[in-house]
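A.B. asks: A predicted structure for the sequence below; I have some questions about it.
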Amino acid sequence: MNGIIDYFESIDPILGALYASLFTWIVTALGASLVFLIKGMNRAFLDGMLGFTGGVMVAASFWSLLAPGIEMSPGEGFVKVIPAATGFALGAFFIFGLDKVLPHLHINFKETEKEGIKSPWHRTTLLVLAIALHNIPEGLAVGVLFGGVAAGIPEATIGGAVALAIGIGIQNFPEGLAVSMPLRRQGVSKFKSFWYGQMSAIVEPIAAVIGAVAVTFFIPILPYALAFAAGAMIFVVVEEVIPETQRDKYTDVATLGFIGGFIIMMTLDVALG
């Protein structure tokens with residue numbers, strides 16, 4: 001692990017953001033590739049992994065984003081928390097707007113429950129877009145942290161950025177499978193199911209580079225940007241991830257998965273950040 005951190009410290013942070021987010025994309029593809037090896041996916045496993053995803057995202061929102069964002073903000077008392085509060089609200093409203101506009105369908109939802117503007121798009125496309133919506137704030141979070149390193153902000157560290165990328169990568173593995181396996185059950189070929197599964201994470205490298213570059217050129221926005229990514233992730237967890245785990249009898253499994261994901265992400269961030 002020290003070797004990985006040393007490597008990222010030796011390269012340009014924006015390039016590091018690209019490499020780290022490509023890693024999260026590759027892990028998504030590895031998860032999607034299981035469609036070639038297994039015939040079906042246990043619903044309890046899916047709900048547990050979705051819960052795990054939520055736990056990672058909530059822990060990352062605080063330990064990797066909000067806490068350092070508040071720490072680097074100037075002032076005391078209420079003044080010190082204004083950038084975090086403002087950025088958090090903007091991030092949540094950003095995903096709220098996308099959620100209302102972007103046609104998508106959650107994994108465990110029926111065709112009649114698709115969200116966003118009305119669209120003739122096939123269920124396959126809507127499922128991919130639903131996971132892509134999850135991944136936008138994750139890519140932004142990684143990019144913003146690396147951008148903070150590039151800007152020379154002491155509270156933004158390579159270790160913390162690497163920890164966040166690892167945590168997101170871990171929870172991306174079941175997300176890739178969660179897209180490819182339902183498509184396979186609907187009769188889509190194994191290759192196409194894999195292709196759509198890995199494509200759901202293509203937004204992460206794009207969002208990461210945009211976040212890193214934006215922070216590099218506009219250093220004062222870093223506390224706002226960190227909180228923006230946190231607000232976006234929390235909105236996704238509360239509005240999308242958690243409801244997906246509450247539609248069957250495995251809610252306890254999902255809850256335990258959430259706890260496990262939170263602990264792992266918290267441990268990674270504290271140990272490496």
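C.D. replies: Nice, I can see it.
A.B. asks: alpha carbons only for contacts and neighbour counts from here, please
C.D. replies: Will do.
A.B. asks: Output the contacting helices and strands for the host helix or strand of residue 234.
C.D. replies: Counting by DSSP states H and E, the element that carries residue 234 is helix 222-236. Contacts defined by 3 or more Cα pairs under 8 Å, 6 or more residues apart in numbering; DSSP states H and E place helix 222-236 against helix 43-59, helix 67-71, helix 77-101, helix 123-150, helix 203-217.
A.B. asks: for those helices, which one sits closest to residue 8?
C.D. replies: helix 123-150 (9.7 Å; Cα to Cα).
A.B. asks: Tell me how far the closest one lies from the chain's centre.
C.D. replies: 5 Å (Cα atoms, centre = their mean, to the nearest Å).
A.B. asks: Switch the helices and strands packed on helix 222-236 over to TSV; also include mean neighbour count, mean pLDDT and distance to residue 233.
C.D. replies: Below are those laid out as TSV (neighbours: other Cα atoms under 10 Å; pLDDT from 0 to 100; distance: least, Cα to Cα, whole Å):
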stretch	mean neighbour count	mean pLDDT	distance to residue 233
helix 43-59	25	85	6
helix 67-71	20	86	15
helix 77-101	18	89	8
helix 123-150	27	79	6
helix 203-217	23	88	13
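A.B. asks: which element is residue 247 on?
C.D. replies: Per DSSP H and E, there is no helix or strand for residue 247.
A.B. asks: And for it, the neighbour number?
C.D. replies: Look at residue 247: counted by other Cα atoms under 10 Å, it has 12 neighbours.
A.B. asks: That one and residue 240: what is the separation?
C.D. replies: Distance, residue 247 to residue 240, by Cα to Cα, to the nearest Å: 12 Å.
A.B. asks: and stretch 67-85, C-alpha only, in CSV?
C.D. replies: What follows is stretch 67-85, C-alpha atoms only, in CSV (Å, rounded to 0.1, in the frame of the first residue of the first chain):
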residue,chain,number,x,y,z
ALA,A,67,-14.6,16.5,7.6
PRO,A,68,-11.6,17.8,5.6
GLY,A,69,-13.8,20.4,3.9
ILE,A,70,-14.9,21.8,7.2
GLU,A,71,-11.3,21.7,8.6
MET,A,72,-9.9,23.7,5.7
SER,A,73,-12.7,26.3,5.8
PRO,A,74,-11.7,29.7,7.3
GLY,A,75,-13.4,31.3,10.3
GLU,A,76,-14.9,29.9,13.5
GLY,A,77,-18.3,28.7,14.6
PHE,A,78,-21.2,29.1,12.2
VAL,A,79,-18.9,30.8,9.6
LYS,A,80,-16.6,27.8,9.4
VAL,A,81,-19.4,25.4,8.5
ILE,A,82,-21.1,27.7,5.8
PRO,A,83,-19.0,26.4,2.9
ALA,A,84,-19.7,22.7,3.8
ALA,A,85,-23.4,23.4,4.3
